[in-house]
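> build the 3D model from these lines:
(one chain, ligands or ions: 1)
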Amino acid sequence: MRNALTIDVEEYFQAHAFERVIDRAEWDRMPSRVVANTRRILALLAEHGTRATFFVLGWVAERHPELVRDILAGGHELGTHGHAHHLVYRQTPAEFAADLETSLAALRRAAGGADGVLGYRAPAFSLTDDTRWALGIVRDHGLRYDSSILPVTPRQAALRGGKRYGMTAASRFATRVPEGVWEIPPSTVRVGGRNLAVVGGGWFRILPLWLTRRAIRRINAEGQPAVLYLHPWEMDPEEPAVAGAPALARFRHRVNVGRTEGRLRALLSESAFGPLRDVFATQLGQ
Ligand SMILES: [Zn+2]
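Below is the predicted model of the structure:
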């Protein structure tokens with residue numbers, strides 16, 4: 001069975017871990033790493049003849065249109081990660097729609113016209129019960145799927161209340177939701193009656209590779225493709241230190257970044273991966 005590989009293309013300093021220490025106004029002054037890091041992933045995928053979905057931040061597409069063109073030239077799927085990495089629950093519906101539109105315009109400009117964007121991935125999976133309205137806005141912008149809802153126990157947001165990510169009642173697998181789009185959630189495995197999102201991001205870096213492999217096998221044994229997610233900064237051992245970030249956030253952001261590339265390489269050599277658009281072609285009507 002073919003699994004899906006998704007990459008959220010953003011700068012390390014745009015990651016949620018640093019949101020409170022690096023102001024958006026400083027983004028343009030920070031040393032950029034996203035082009036080199038994404039190109040390393042593109043090279044690795046080319047080596048294995050594998051394609052993936054790249055959810056690119058509009059902010060990145062605006063500054064590095066050539067990177068978007070490289071992604072498309074490699075036959076990969078281009079998706080949107082929004083424009084300025086605002087968590088969904090911190091935006092009003094109108095602000096969310098404006099951010100999504102700006103991102104789609106930036107992707108279209110970078111792609112030189114037809115971008116064929118079908119999917120959206122929210123920053124830090126911040127699409128929750130409180131922000132379900134976002135799915136209707138995603139649909140209204142012509143997108144066919146969202147890949148942002150973690151079917152896990154909601155994690156409370158530190159600021160302004162509400163839930164940061166997680167929707168307990170959400171399906172673990174691709175589902176057509178009442179808002180008229182497909183929800184293709186990042187994969188979880190059931191452990192002791194709970195869903196754990198273990199095949200992406202920090203978990204992928206912290207857990208031993210055999211556990212990731214076993215998780216993918218278990219999902220496949222349920223008759224479902226696994227949906228993995230990673231960020232370009234997760235493969236960058238040379239990332240500049242960010243002053244002022246809380247120790248735990250720094251740890252989660254940096255742990256095992258030197259091992260991610262080797263782990264991904266191993267997975268790519270032993271099983272087949274593809275972009276969401278292809279892996280879920282039947283559902284998306286492609
Ligand atoms: Zn992100």
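
> use CA for all of it now, contacts and neighbours both
OK.

> select the longest strand from the chain.
strand 3-9 (DSSP state E).

> just checking: what are the partner strands of it?
Using DSSP bridges, the neighbouring strands of strand 3-9 in the sheet come out as strand 53-56 (parallel), strand 227-230 (parallel), strand 273-274 (parallel).

> how about those in JSON lines, adding mean neighbour count, mean pLDDT and distance to Leu44?
Output for the strands paired with strand 3-9, formatted as JSON lines (neighbours: other CA atoms under 10 Å; pLDDT from 0 to 100; distance: least, CA to CA, whole Å):
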{"stretch": "strand 53-56", "mean neighbour count": "26", "mean pLDDT": "98", "distance to Leu44": "14"}
{"stretch": "strand 227-230", "mean neighbour count": "22", "mean pLDDT": "97", "distance to Leu44": "14"}
{"stretch": "strand 273-274", "mean neighbour count": "24", "mean pLDDT": "98", "distance to Leu44": "13"}
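
> I'd like the ones you listed as CSV, with distance to Gly244 appended.
Compiled in CSV, those are given as follows (distance: least, CA to CA, whole Å):
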stretch, distance to Gly244
strand 53-56, 27
strand 227-230, 24
strand 273-274, 38
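
> quick one, which of those gets closest to Ala73.
When the strands paired with strand 3-9 are compared for distance to Ala73 using CA to CA, the nearest one is strand 53-56, at 12.5 Å.

> one step back: quick one: residues in contact with the longest strand of the chain.
Outside of strand 3-9, the residues within contact range by CA atoms under 8 Å, 6 or more residues apart in numbering are 34, 38, 51-57, 60, 81, 121, 225-232, 271-276, 279.

> doesn't Gly136 belong to a strand?
No: when classified by DSSP: H, G, I helix; E, B strand; the rest coil, Gly136 is found to be helix rather than part of a strand.
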